[in-house]
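Colleague: Build me a structure from this.
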Amino acid sequence: MTATLVATTPSSPVDEAPVRFGPVRTLRHSLTLTWRSLIKIKHSPEQLLDLTLQPIIFVLLFVYLFGGAVTGDRHVYLQFVLPGILVQSVAFASLGVGQSLAGDLQTGVFDRFRTMPIARSAPLIGAVLGDVVRYLVTIAVVLGFGAVIGFRIETDPFSTLAACALVLLFAFGLCWVTALVGLLLRNPRTVQGIGGMLMFPLTFGSNLFVPTDTLPGWLQAWVKVNPVTFVVEATRGLLTGQGAIAGPAVKVVISVAVLCAVFVPLSLAVYRRRT
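Modeller: Purely as a prediction, here's the structure:
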């Protein structure tokens, strides 16, 4: 009797369809990775230097160098310019999310995330939310140092919180722009350079440092449609009571909605393609 041995060939692996997570689980995964972003700051506190020293340098530079020339009174100029420097500092801080994403792409950490049972978009959302927490540090530094050198909030606590919330909302919309830049570029230094070229026309091409009516006509046309101008006007009104609030605040909300509608889908699409 001859025994016949039959070799069994294992079936070829079948690619499994990607697991889809609901909004609640995606948010939970994103918050977990937000904590990862904050832990990185804990282990590398030098990351906070640009969030703390740069705003202080801007305040000292513009108030004491240009204050006497612009208004003739440094205290008056401090009341005018500090809300704008608050917006400017948070805008430049938004470059951090793009640099962080570019660095993670270089190290290959997103390849590890793909092997984990988490929502595909969670690392990107977590990076953005983690950066929003960093903006709180910038806001606290600007307002705190401003109070030390003489800035006074002339409205109520509710208006102050509304001003901070409006700045954070704008930064949230802006960081999706820098996230897209970070995903498209591979080098964090390149992200910083390209991002800086985007931020300078936005911040300096506004009524942040001088009133709009003192600018030449062609520049006024840009300033009046610049979303940074809307944030500065609303923040200035909420903190000092100078100027309109409702109109600029509505324009800020519309601007953020447009930024999110355009750049969130683009960032997610590029993120899925790159990872």
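Colleague: just so I have it, where are all the strands in this protein?
Modeller: Counting by DSSP state E, one finds no strands in the chain.
Colleague: Helices along that one, start to end?
Modeller: Along the chain, counting by DSSP state H, helices occupy 23-43, 49-70, 74-93, 95-107, 109-114, 122-149, 157-184, 188-204, 217-223, 227-240, 246-274.
Colleague: Buried ones in the second one, by neighbour count?
Modeller: By neighbour count, and taking 16 or more other C-beta atoms under 10 Å as the criterion, the buried residues in helix 49-70 are 50, 51, 52, 54, 55, 56, 58, 59, 62, 63, 67, 70. C-betas here are computed from N, CA, C, even on glycine.
Colleague: Give me the below-cutoff pLDDT ranges for the stretch 51-200 of the chain.
Modeller: Scanning the stretch 51-200 of the chain for pLDDT under 70 picks out 111.
Colleague: and residue 83, what is it in contact with?
Modeller: Neighbouring residues of residue 83 by C-beta atoms under 8 Å, 6 or more residues apart in numbering: 163, 232, 235, 236, 239, 240.
Colleague: Filter those residues down to the buried ones and hand me the PyMOL line.
Modeller: Buried residues within the contacts of residue 83, by 16+ other C-beta under 10 Å, are selected in PyMOL with:
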select buried, resi 163+232+235+236+239+240
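Colleague: would a markdown table of the contacts of residue 83 with distance to residue 218 be doable?
Modeller: Formatted as a markdown table, these follow (distance: C-beta to C-beta, whole Å):
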| residue | distance to residue 218 |
| --- | --- |
| 163 | 30 |
| 232 | 20 |
| 235 | 26 |
| 236 | 24 |
| 239 | 30 |
| 240 | 29 |
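Colleague: Between the contacts of residue 83, which sits nearest residue 223?
Modeller: The nearest member of the contacts of residue 83 to residue 223, counting by C-beta to C-beta, is residue 232 at 9.9 Å.
Colleague: isn't that closest one right up against residue 206?
Modeller: Yes - between residue 232 and residue 206 there is a contact at 5.9 Å, judged by C-beta atoms under 8 Å.
Colleague: Give me the common contacts of these two.
Modeller: residue 84.
Colleague: Can you redo the helices of the chain as JSON lines, where the extra columns are distance to residue 210?
Modeller: Formatted as JSON lines, the helices of the chain follow (distance: least, C-beta to C-beta, whole Å):
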{"stretch": "helix 23-43", "distance to residue 210": "35"}
{"stretch": "helix 49-70", "distance to residue 210": "6"}
{"stretch": "helix 74-93", "distance to residue 210": "9"}
{"stretch": "helix 95-107", "distance to residue 210": "24"}
{"stretch": "helix 109-114", "distance to residue 210": "43"}
{"stretch": "helix 122-149", "distance to residue 210": "19"}
{"stretch": "helix 157-184", "distance to residue 210": "20"}
{"stretch": "helix 188-204", "distance to residue 210": "10"}
{"stretch": "helix 217-223", "distance to residue 210": "10"}
{"stretch": "helix 227-240", "distance to residue 210": "11"}
{"stretch": "helix 246-274", "distance to residue 210": "17"}
